[in-house]
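Trainee: Kindly return the folded structure for what I paste below:
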Amino acid sequence: MRKPIVRIAVITSVVLMTAVLAVILDLRNRSRDDTSTPFLQEQGNSDLRGQLTTIGRRQGIEVVRVTFPAGTDAETLQQDKIYLVSVPDDPNVPNIPLDQAMALSAAAAVDYFGYKYTSADAALEKEHRNDAEFLSRFPGQFFASAKARTGVSSSTIAAFEERTGTTFDQTATQTGVLLEPDSLYMIIINDSGNVTFDTFRRRADLGIVSAHFDPGAEKRGSNPTLNIIVKNYGQVSGERDIVFAALPADLTFANPQTVCRVYEGDLKCRTGPIAPGQTKAIWVDFHLAGNFIQCSGEVPLNVNLSFFGGRPDQNPGNDSSQATLTAVCPTPGADLDIGVQPPQQQPDQEVVFPVRVRNYGSDAASSVVVSHTLSDGVTFQSAQGADCNVQGNLLQCSLSGELDGVTQYGVGGEKNFSVTLQYPASQICGLSEERRETFSVTNVVGDINPLNDSYTVFFQTACQADFGLVSARFDPVSVPSNTTPPSTTTLSVNVENSGSAADDAYLKIFWSNGNYFSATTLPPYCDTDWDYLKGYYTKCWTGILSPGESKLFSFTYQANPTDNICPADVPLTASLSLDGQGNDQNWNNNTTQAHVTYECPQ
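Mentor: Purely as a prediction, here's the structure:
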């Protein structure tokens, strides 16, 4: 179960930055063995709190040493303290950019800076600290994030660099400042939120092992299958989306399913959670455009795919791949192709299978029959769009009429129907293994391409949540401004789990313009968060919702007064979305909008 969000208040302090730089200057004159107290103006009380020890104060600012004893790998750093972070001399400490070790949600957008040196640097300093001009070439490293160069810290850092000739190195790349074993870091965070400093940055490492079409050559008009093998080489579980770059014009995605679908204009396939060392296979079906009228020779078609989104993993070098399909000219005749969409579970264990049959051949096909062998305990219930009957455990569905051959535009005859099967309850919920059902197509005339005459649809029988935004509305929908007391409106949001498993999700609310209203009341487990692209937004944890359970959120907003000219009422939009953290079986009901009008003073 995921925990609710905890936020830490923003504190912007020039005094704090000055104190940190003063400490940095002192450290350039000290060895590692005596950094615990020399620069402190006030000694601390050694208040031990796990990994945090208060060791004193500098210009009124608390100085905290952070240590990482055995078995402990992370600590939360707040904004109102100076931190001395001692990284252990451990081979498991990865040499990664400091931004990754800081576990920032958007590292380039956070304002932090500091100073780092190793035990070897400290020994060198201790040996030569009295040498002429030694301190001017002391090998310690100053560092600053990209935001520190443009944010609150920028002027202080610039002045320090100019006065001392020091350069603050970047923190976001492998050639910048790295997390290294047996090192000491002094860190000041001058931005909102909390930061988790993680010395053993355990990350998933999802890699695309292979991507290939099988077979590698297909006749035009067929449905080739791309086989993708993904493996997690990392130390923790992870999941990401596989995104396909611009597909060749002759290839189109042919089988919408839970794993793969076209979303916001791109074909994306979810890997789902992959445990460390686990390998997972993903199949993606395409349709290869048929061209019987104008077809000459073989044409190679390249498909490029790569990981997108999710938490970055520790090795981006294995995040992409390419597969090549050779398109060949078809043979004259009928070429039936069958496809089955992943089913949607219905009440009483009834499962509906949408079936599609197309003719990609040049000749028409008649007396078409679709067959399916029923598994033990599974019974045929009904069909729509076809005449179906059962003999023993063999289900046969006859399609009326003919399926025309492909025209010069690559379009052949197509028929769609659905079959409803009923499963025992034990085969629907409570099992985690993957089910598969195979449907096959035949016709009297014969088929020139038997490779696409059968289709196996894969689906999970385990129950899954389905979070949806049932409603979202403001009351009242028009709010006058500059009233005493300020006028308010209430946004009511109803979230429902219409799936078959209990789970939780996050509700997110973005305003089209956040200057006109302020939240006065937020429900429990709700707080303000930051998105690098969209800015501030409200984020709420739904808690665990059982199947069929709904939850009502109520937000109170007051109209902010305006001293500016307000020539016309301002219509505003609140955009709402649900994030099921990869556990939502249906994305189509996860977004909605609510509208309210900000009335100008009369």
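Trainee: contacts, neighbours, all on C-alpha from now
Mentor: OK.
Trainee: domain ranges for the protein?
Mentor: 14-198, 206-328, 336-460, 467-599 (automatic domain parsing).
Trainee: In a markdown table: the ones you listed, plus mean pLDDT and mean neighbour count.
Mentor: Formatted as a markdown table, the domains of the chain follow (pLDDT from 0 to 100; neighbours: other C-alpha atoms under 10 Å):
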| stretch | mean pLDDT | mean neighbour count |
| --- | --- | --- |
| domain 14-198 | 71 | 18 |
| domain 206-328 | 83 | 18 |
| domain 336-460 | 83 | 18 |
| domain 467-599 | 89 | 17 |
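Trainee: what are the ranges of the strands in the stretch 501-602 of the chain?
Mentor: Assigned by DSSP state E, counting those that start in this stretch, the strands in the stretch 501-602 of the chain fall at 506-511, 517-521, 526-531, 535-541, 550-559, 570-579, 591-599.
Trainee: next one: the stretch 301-450 of the chain
Mentor: Under DSSP E, counting those that start in this stretch, the stretch 301-450 of the chain gives strands at 320-328, 336-340, 344-345, 350-359, 368-373, 379-384, 387-391, 394-399, 414-422, 434-442.
Trainee: As CSV, those with distance to residue 457 would be great.
Mentor: Converted to CSV, the strands of the stretch 301-450 of the chain look like this (distance: least, C-alpha to C-alpha, whole Å):
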stretch, distance to residue 457
strand 320-328, 23
strand 336-340, 6
strand 344-345, 12
strand 350-359, 9
strand 368-373, 12
strand 379-384, 17
strand 387-391, 19
strand 394-399, 16
strand 414-422, 13
strand 434-442, 5
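Trainee: right, and those - which one's nearest residue 452?
Mentor: Proximity to residue 452 (C-alpha to C-alpha) singles out strand 336-340 among the strands of the stretch 301-450 of the chain, at 5.1 Å.
Trainee: relative to strand 350-359, how tilted is the closest one?
Mentor: 160 degrees (axes from the mean of the first three to the mean of the last three C-alpha atoms, to 10 degrees).
Trainee: what sits up against strand 336-340?
Mentor: 222-223, 255, 353-361, 365, 439-442, 447, 449, 452-457 (C-alpha atoms under 8 Å, 6 or more residues apart in numbering).
Trainee: Sheet partners, orientation included, of it?
Mentor: strand 350-359 (antiparallel) (DSSP bridges).
Trainee: Name the residues that touch the strand it pairs with?
Mentor: 334-346, 365, 403-406, 412-423, 441.
Trainee: one more time with 7 Å, if that's ok
Mentor: 334-345, 403-405, 412-423 (C-alpha atoms under 7 Å, 6 or more residues apart in numbering).
Trainee: Kindly report the same for stretch 376-396.
Mentor: Under C-alpha under 7 Å, 6+ apart, the answer for stretch 376-396 is 369-374, 397-399, 416-424.
Trainee: Quote the end-to-end distance of it.
Mentor: Distance across stretch 376-396, first residue to last, is 17 Å (C-alpha to C-alpha, to the nearest Å).
Trainee: Can you give the distance from that stretch to the centre of its chain?
Mentor: Relative to its parent chain, stretch 376-396 has a centroid offset of 41 Å by C-alpha atoms, centre = their mean, to the nearest Å.
Trainee: How about stretch 334-344?
Mentor: On C-alpha atoms, centre = their mean, the centre of stretch 334-344 falls 30 Å from that of its chain.
Trainee: Grab the nearest non-local neighbour of residue 186.
Mentor: residue 84 (4.6 Å; C-alpha to C-alpha, 6 or more residues apart in numbering).
Trainee: so which helix or strand takes in that neighbour?
Mentor: Following DSSP states H and E, one finds residue 84 within strand 82-87.
Trainee: Strands of the stretch 1-150 of the chain, residue ranges please.
Mentor: Under DSSP E, counting those that start in this stretch, the stretch 1-150 of the chain gives strands at 42-43, 48-49, 52-58, 61-66, 74-77, 82-87, 112-118, 141-144.
Trainee: need those in CSV with distance to residue 547, can you?
Mentor: Converted to CSV, these look like this (distance: least, C-alpha to C-alpha, whole Å):
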stretch, distance to residue 547
strand 42-43, 57
strand 48-49, 42
strand 52-58, 43
strand 61-66, 44
strand 74-77, 36
strand 82-87, 46
strand 112-118, 44
strand 141-144, 48
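Trainee: Out of those strands, which is closest to residue 191?
Mentor: Closest among the strands of the stretch 1-150 of the chain, once you apply C-alpha to C-alpha, is strand 112-118, at 7.3 Å.
Trainee: Which secondary structure elements does that closest one sit against?
Mentor: strand 141-144, strand 183-189 (3 or more C-alpha pairs under 7 Å, 6 or more residues apart in numbering; DSSP states H and E).
Trainee: what's next to the longest one, contact-wise?
Mentor: Read that as strand 183-189. Applying C-alpha under 7 Å, 6+ apart, the contact partners of strand 183-189 are 79, 82-87, 111-119.
Trainee: try the shortest one
Mentor: For strand 141-144, contacts defined as C-alpha under 7 Å, 6+ apart pick out 112-117, 167-171, 177.
Trainee: Which of the residues you listed sits closest to residue 495?
Mentor: Nearest member of those to residue 495, counting by C-alpha to C-alpha, is residue 112, at 37.8 Å.
Trainee: what's the distance between the closest one and residue 146?
Mentor: Distance from residue 112 to residue 146, by C-alpha to C-alpha: 9 Å.
Trainee: Residue 55 now?
Mentor: 30 Å.
Trainee: same deal with residue 67?
Mentor: 26 Å.
Trainee: Also residue 65?
Mentor: 25 Å.
Trainee: what does residue 421 give?
Mentor: Counting by C-alpha to C-alpha, the gap from residue 421 to residue 146 is 58 Å.
Trainee: Name the nearest residue to residue 528, sequence neighbours excluded.
Mentor: Nearest residue to residue 528, sequence neighbours excluded (C-alpha to C-alpha, 6+ apart): residue 538, at 4.6 Å.
Trainee: Now that that neighbour has come up, it's in contact with residue 508, right?
Mentor: Yes. Residue 538 is in contact with residue 508 according to C-alpha atoms under 7 Å; the separation is 5.6 Å.
Trainee: could you pull out the helices for this protein?
Mentor: Under the criterion DSSP state H, helices of the chain are mapped to 14-27, 98-101, 119-128, 146-150, 154-164.
Trainee: Residue 51 against residue 66, yeah?
Mentor: Yes. Counting by C-alpha under 7 Å, residue 51 touches residue 66, with 5.6 Å between them.
Trainee: what's the overlap in contacts for these two?
Mentor: By C-alpha under 7 Å, 6+ apart, no residue touches both residue 51 and residue 66.
Trainee: which residues does the spatially closest residue to residue 574 that is not a sequence neighbour contact?
Mentor: Once flanking residues are discounted, residue 574 sits nearest to residue 511: 4.6 Å by C-alpha to C-alpha, 6+ apart. Listed by C-alpha under 7 Å, 6+ apart, the contact partners of residue 511 are 573-575.
Trainee: rerun at 10 Å
Mentor: 517, 534-538, 572-576, 593-595 (C-alpha atoms under 10 Å, 6 or more residues apart in numbering).
Trainee: And residue 237, by the same measure?
Mentor: Here residue 237 is in contact with 202-206, 272-278 (C-alpha under 10 Å, 6+ apart).
Trainee: Most widely separated two among those residues?
Mentor: 202 and 272 (18.9 Å).
Trainee: mind listing what residue 553 touches?
Mentor: So residue 553 contacts 472, 491-495, 507, 522-524, 526, 540, 542 (C-alpha under 10 Å, 6+ apart).
Trainee: Name whatever forms a beta bridge with it.
Mentor: residue 493.
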